[in-house]
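Chemist: need the 3D shape of this:
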Amino acid sequence: MRISSRSAWNAVSVALGNAGQGKLVGLAVGALEGEGVYVGEVIIAGAIVGTPTGTDQGIPASKVADEFWRLYQARTEIRARVS
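Modeler: Coordinates of the predicted model:
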């Protein structure tokens, strides 16, 4: 299967966006942790059930919410991945 150049550029665009977002989270953590501000990021690796791109086998929205809540309560890590 050949990947079109448009698909390749879309993948590169998403990858660069995610890298930038991850860097921003890291910088925010460093800048704000001394002030008692918690910064965390949940990476959603797939489509959410009930959305236009989601399927019945996608990620339930409740699983994403649970991960945000877990990070918020624990405040011991800055990144979590939901898939």
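
Chemist: so which elements touch the top helix by length along the chain?
Modeler: If you go by DSSP state H, the chain has its longest helix at helix 5-32. If you count contacts as 3 or more CB pairs under 8 Å, 6 or more residues apart in numbering; DSSP states H and E, helix 5-32 packs onto strand 41-44. Heads up, the C-betas are built off the backbone N, CA and C, glycines and all.

Chemist: show the pLDDT at the residue nearest to G40 when sequence neighbours are not counted.
Modeler: Using CB to CB, 6 or more residues apart in numbering and skipping the chain neighbours, the partner closest in space to G40 is L71 (4.3 Å). L71 is assigned 95 on the pLDDT scale.

Chemist: surely L71 forms part of a helix?
Modeler: Yes - counting by DSSP: H, G, I helix; E, B strand; the rest coil, L71 is located in a helix.

Chemist: going forward, count from 104.
Modeler: Done: numbering now begins at 104, and the last item shifts to L174.

Chemist: was I right about it contacting A183?
Modeler: Yes - at 5.5 Å, L174 counts as touching A183 under the criterion of CB atoms under 8 Å.

Chemist: okay, and the helix or strand of this structure with the least pLDDT?
Modeler: helix 108-135 (a mean of 86; mean pLDDT, DSSP states H and E).
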